[in-house]
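Participant: from the sequence below, what's the structure:
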Amino acid sequence: MPSESHVYRPEDWPSSSFRALAEAVESAVFIIHGTKYRYVNSVAERLTGFSKAELQGMDFWEILHSEDRDAARPLAMGGRQGHKVPNKYPIRIVHRKGYVRLVNLTASLIDLDGELAIMGVVQDITQDENQRLRIEEQLRQAQKMEAIGTLVGGIAHDFNNILAGITGNTHLARMFAGDAEKTVGKLEKIDQLSFRAAGMIRQLLAFARKDMVDMRPFAVKAFVAETMALVRMDIDRDIDLRVDVDVPDDLLVRGDVSQLQQVMMNLVNNACAALEGCPRPEIRVSVTPFVADDAFVQAHARIEGREFVQISIADNGCGMDEDTKARIFEPFFTTKEVGRGSGLGLSMVYGAVQMHGGVLEVESTPNSGSIFHINLPPYIREAEPESAGQSTELLSGHGECILYADDDPGVLASGSEIMRSLGYRVMTASDGQKAVDMFRERAGEIDLVVLDVVMPELDGLQAAQAIQALQRDARLIFVTGYDKTESLLGLDNVSAGDVLIKPYSVASLSQVIRRKLGK
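Facilitator: Coordinates of the predicted model:
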């Protein structure tokens, strides 16, 4: 802290130093004597909104935030004999129009016509501070989101095993139901619900970074059309749902189709809930190109590039106040009544959009509805876009032998029965060690090994390594509730397409088996 012994006098300054100081003073904001401004420059005018003439007639602390005036009083007293000047500290300045700027103030004692005065150099750090606060808030948000990772990872395996058993048995029941139209219809509904539940789990796992998603390019326009066709089947017919897609047919994004469908369906379902009691309920879904401005880039420092595809979902429902809007992406936060929502929906949406390198924003006002903007980076390539849909064709076997290992008895029973119905002979094992022992004894008969990843004794990876030690070119497929890891892809003769996530469709299983058998 400078004191009177640190006062700089003109006779002490070489001419070059004087010129440097003159330049510094010209870039500084003010010089005060006592409590009055003796000098201000154009920086002060821009910072405060007052003219130089107006400032030179004001006391020093008149432009300070009321809560900072007591803290700044020693600075104003510093120009008096015997007082010290606080050298550096942040302080808030109130603009003439009422908004507040945060500045770093550096103060020095100078000799002004034989008397002590204070030269204050001010650096406006409002934007830096806002950026810091945004980054801190994003970090807190990420930490809150990460908190659900352990919970989800713990339940995902068992939950997806249950779903795999459900979907396997519904497929078999459809086969046995014959022409019983109503029975088949109900079973198909169960099938759809099971895969929707599985989609929720996949969102949670991807958000917790415990899952590898199926990222691939696809056409936005076709994707939105397909998704909204599904949405129309579920929402109330009284709701006026309109879709406006203003992008070229060949505009692509790269992502997981299933997860992004879940994101859109979740936001539409939330919009429907917000429309309860609304006399003319409306939902507008629009897709447009979006070019980010500087404010958007500063608010979302992790994004790359400025061009996005913006999918907006707007409703004219109840809207949200600022407090609610600030918390909607927190895990387990919900405004719904007990039993009507887990509070996980929007946190999963938030995580899924981030995982795709995108930005999720919301605009909302009480009683005026809400708009959610999903901003996704476009994907550019020369090849034709991949279809957003998946083939439902069942491919049959020709009597090949499959060794199938899973520690869940229900999944093992239904899975082996499905494979037999597809035309394969099936051997079963209830853990990894038994699978290895069976392969050692009967390797000459086995054409393909299907392994659950999480099993007792030996897990799927360990069993696969032991099997490949016995036969290097053994064909392997992995099925898992969540643990689709890079370690599996390090095995010989194993690619990403050889890993199925439970619950998988029978069509997907049949296609992977045929591809792996090379027939």
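
Participant: please count neighbours and contacts with C-alpha atoms only from this point.
Facilitator: Fine.

Participant: walk me through the domains of this structure.
Facilitator: 4-124, 214-389, 401-517 (automatic domain parsing).

Participant: first to last residue in stretch 443-462, what's the distance?
Facilitator: 17 Å (C-alpha to C-alpha, to the nearest Å).

Participant: can you pull the buried residues of it?
Facilitator: Of all the residues in stretch 443-462, those buried under the rule 16 or more other C-alpha atoms under 10 Å are 443, 446-455, 458-462.

Participant: which ones among these lie within strands?
Facilitator: If you go by DSSP state E, the buried residues of stretch 443-462 have 448-452 in strands.

Participant: so which of these is the closest to V506?
Facilitator: V450 (14.1 Å; C-alpha to C-alpha).

Participant: does I328 touch L346 like I think?
Facilitator: Yes - with contacts counted by C-alpha atoms under 8 Å, I328 reaches L346, the gap being 6.6 Å.

Participant: helix, strand or coil for L394?
Facilitator: coil (DSSP: H, G, I helix; E, B strand; the rest coil).

Participant: and the closest residue to it other than its chain neighbours, how far from A496?
Facilitator: Closest residue in space to L394, ignoring its immediate chain neighbours: A507 at 4.8 Å, by C-alpha to C-alpha, 6 or more residues apart in numbering. To A496, A507 is 17 Å away according to C-alpha to C-alpha.

Participant: equivalent analysis for M264, please.
Facilitator: Taking C-alpha to C-alpha, one finds M264 at 26 Å from A496.

Participant: same drill for these two, tell me which one is more crowded.
Facilitator: Set M264 next to A496 and count neighbours by other C-alpha atoms under 10 Å: M264 wins out with 22 against 15.

Participant: contacting residues around the more buried one?
Facilitator: M264 is in contact with T227, counting by C-alpha atoms under 8 Å, 6 or more residues apart in numbering.

Participant: A strand includes it, no?
Facilitator: No - counting by three-state DSSP, one finds M264 to be helix, located in no strand.

Participant: gap between it and I166?
Facilitator: 25 Å.

Participant: now the element after the biggest strand by length in the chain, going C-ward?
Facilitator: What stands out as the longest strand in the chain, according to DSSP E, is strand 100-112. Per DSSP states H and E, strand 100-112 leads on to strand 115-124 as the next helix or strand towards the C-terminus.

Participant: report all helices and strands that that following strand contacts.
Facilitator: On a contact count with 3 or more C-alpha pairs under 8 Å, 6 or more residues apart in numbering; DSSP states H and E, strand 115-124 meets strand 30-33, strand 100-112.

Participant: any chance of the ones you listed in TSV, with distance to I63 and mean pLDDT too?
Facilitator: Below are these laid out as TSV (distance: least, C-alpha to C-alpha, whole Å; pLDDT from 0 to 100):
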stretch	distance to I63	mean pLDDT
strand 30-33	12	71
strand 100-112	10	76
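
Participant: which residues of the stretch 301-450 of the chain fall in helices?
Facilitator: For the stretch 301-450 of the chain, the helices defined by DSSP state H, counting those that start in this stretch cover 322-327, 345-355, 409-421, 432-442.

Participant: the third one: which residues count as buried?
Facilitator: Judged by neighbour count (16+ other C-alpha under 10 Å), helix 409-421 contains these buried residues: 410-412, 414-420.

Participant: can you pull out the low-pLDDT segments for the stretch 101-250 of the chain?
Facilitator: 125-163, 165, 169, 178-186, 189, 192-193, 195-214 (pLDDT under 70).

Participant: end to end on stretch 275-293, go ahead and measure it.
Facilitator: 32 Å.

Participant: which residues sit against that stretch?
Facilitator: Against stretch 275-293 from outside (C-alpha under 8 Å, 6+ apart): 238-247, 268, 271-272, 306-318, 375.

Participant: are any of those residues buried, and which?
Facilitator: 239, 241, 245, 247, 268, 271-272, 308-318, 375.

Participant: out of these, name the ones that lie in strands.
Facilitator: 241, 245, 308-315, 375.

Participant: which pair in those spans the largest distance?
Facilitator: For those, the farthest-apart pair by C-alpha to C-alpha is L241 and F308; their separation is 24.0 Å.

Participant: now S414: closest residue in space, sequence neighbours ignored.
Facilitator: Per C-alpha to C-alpha, 6+ apart, closest to S414 is G168, 5.6 Å.

Participant: please report how far the one you found lies from L230.
Facilitator: From G168 to L230 the distance is 23 Å (C-alpha to C-alpha).

Participant: now P248
Facilitator: Distance from P248 to L230, by C-alpha to C-alpha: 22 Å.

Participant: same deal with R515?
Facilitator: Counting by C-alpha to C-alpha, the gap from R515 to L230 is 30 Å.

Participant: likewise for V479?
Facilitator: Taken as C-alpha to C-alpha, the span from V479 to L230 is 28 Å.

Participant: which of those two has more neighbours?
Facilitator: For V479 versus L230, neighbours defined as other C-alpha under 10 Å are more numerous around V479 (23 against 13).

Participant: if I read this right, that one contacts V449, doesn't it?
Facilitator: No - with contact defined as C-alpha under 8 Å, V479 and V449 do not form a contacting pair (10.8 Å).

Participant: common neighbours of the two, please.
Facilitator: What both V479 and V449 touch, as defined by C-alpha under 8 Å, 6+ apart, is an empty set.

Participant: dump the residue contacts of D447.
Facilitator: 400-402, 474-475, 517.

Participant: try it again with 7 Å
Facilitator: 400-402 (C-alpha atoms under 7 Å, 6 or more residues apart in numbering).

Participant: most neighbours, which of those?
Facilitator: I402 (23 neighbours).

Participant: from L394, how far out is that residue?
Facilitator: 17 Å.

Participant: who does V94 form a beta bridge with?
Facilitator: With DSSP bridges applied, V94 shows beta-bridge pairing to V100.

Participant: how about the helices and strands packed on strand 115-124 in a markdown table, adding distance to L64 and mean neighbour count?
Facilitator: As requested, the helices and strands packed on strand 115-124 are arranged in a markdown table below (distance: least, C-alpha to C-alpha, whole Å; neighbours: other C-alpha atoms under 10 Å):
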| stretch | distance to L64 | mean neighbour count |
| --- | --- | --- |
| strand 30-33 | 14 | 24 |
| strand 100-112 | 9 | 20 |
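
Participant: CSV please, covering those and showing distance to P279.
Facilitator: Conversion of these to CSV gives the following (distance: least, C-alpha to C-alpha, whole Å):
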stretch, distance to P279
strand 30-33, 59
strand 100-112, 42
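
Participant: A299: which of those strands is closest?
Facilitator: strand 100-112 (17.8 Å).

Participant: quick check: angle from the closest one to strand 115-124?
Facilitator: What separates the directions of strand 100-112 and strand 115-124 is an angle of 150 degrees, with axes from the mean of the first three to the mean of the last three C-alpha atoms, to 10 degrees.

Participant: before I go, just wanted to say thanks for your time.
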